[in-house]
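Enquirer: what would the 3D arrangement of this be:
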Amino acid sequence: MYHTIPNWPLAVVLGACVFLTACGDVSIDVTPSPESYLYVWHFDEDANDDPNFLSVINTDPNSLDYGTLVTTVPTAGARGHAHHTSLVLPMSGFLFANEFNGNTSFIFDTNSASAPTLKGNFQNRGDYNYAHTFSELANGNILAVFQT
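Expert: Got it, this is the predicted structure:
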């Protein structure tokens with residue numbers, strides 16, 4: 001009898017390709033905006049002093065204020081280890097950001113691009129803890145990957 005060892009990495013990649021193909025077209029046409037901003041999720045160097053915060057930076061190369069800090073939006077209570085955000089700003093304008101050590105994720109509304117607001121936060125979802133990665137699906141839903 002002849003036994004072979006399955007090629008699991010290849011099977012996983014092929015399975016992911018089939019899954020992603022089945023999800024439909026996830027390409028997004030983005031209309032250039034006269035306003036361009038970069039959202040940076042970070043924490044104070046001395047993590048015990050100030051809460052994590054989202055910074056908004058002007059990235060419009062035609063602006064006289066190019067490269068300047070527009071505003072910051074602090075979180076409530078979470079300090080240190082600002083971790084992951086959505087990789088691409090979702091069409092809904094709701095940016096998800098994770099503070100990994102505290103097992104808390106935050107939702108920022110960026111529909112007012114230069115003045116985002118903190119809309120809420122969450123921790124566990126049932127038995128799932130430590131949200132890590134967020135991605136928008138073709139239907140607009142947000143997929144969250146939990147570590148444990």
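
Enquirer: and the pLDDT at the spatially most central residue of the chain?
Expert: Per Cα atoms, centre = their mean, the C-alpha nearest to the average position across the chain is that of S86, at 1.7 Å. On pLDDT, S86 comes in at 85.

Enquirer: and the gap between it and N62?
Expert: The gap separating S86 from N62 is 26 Å, by Cβ to Cβ, to the nearest Å. In this view, the C-beta of every residue, glycine as well, is placed from N, C-alpha and C.

Enquirer: the lowest-mean-pLDDT helix or strand in the chain: what's the following helix or strand?
Expert: Lowest on mean pLDDT, DSSP states H and E among the helices and strands of the chain sits helix 8-22, with a mean of 42. Counting by DSSP states H and E, the next helix or strand C-terminal to helix 8-22 is strand 37-42.

Enquirer: quickly run through the sheet partners of that next one, with directions.
Expert: Applying DSSP bridges, strand 37-42 is found paired with strand 53-58 (antiparallel).

Enquirer: now do the partner strand: everything it contacts.
Expert: For strand 53-58, contacts defined as Cβ atoms under 8 Å, 6 or more residues apart in numbering pick out 36-44, 65-75, 82, 95, 97, 106, 108, 113-116, 118.

Enquirer: restrict it to CA atoms and write it as PDB.
Expert: Extracted in PDB, the C-alpha atoms of strand 53-58 (Å, rounded to 0.1, in the frame of the first residue of the first chain):
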ATOM      1  CA  PHE A  53      -5.600  57.400  20.200                       C
ATOM      2  CA  LEU A  54      -6.300  57.800  16.500                       C
ATOM      3  CA  SER A  55      -4.400  60.600  14.700                       C
ATOM      4  CA  VAL A  56      -5.500  62.200  11.500                       C
ATOM      5  CA  ILE A  57      -2.700  63.600   9.300                       C
ATOM      6  CA  ASN A  58      -3.300  65.700   6.200                       C
END
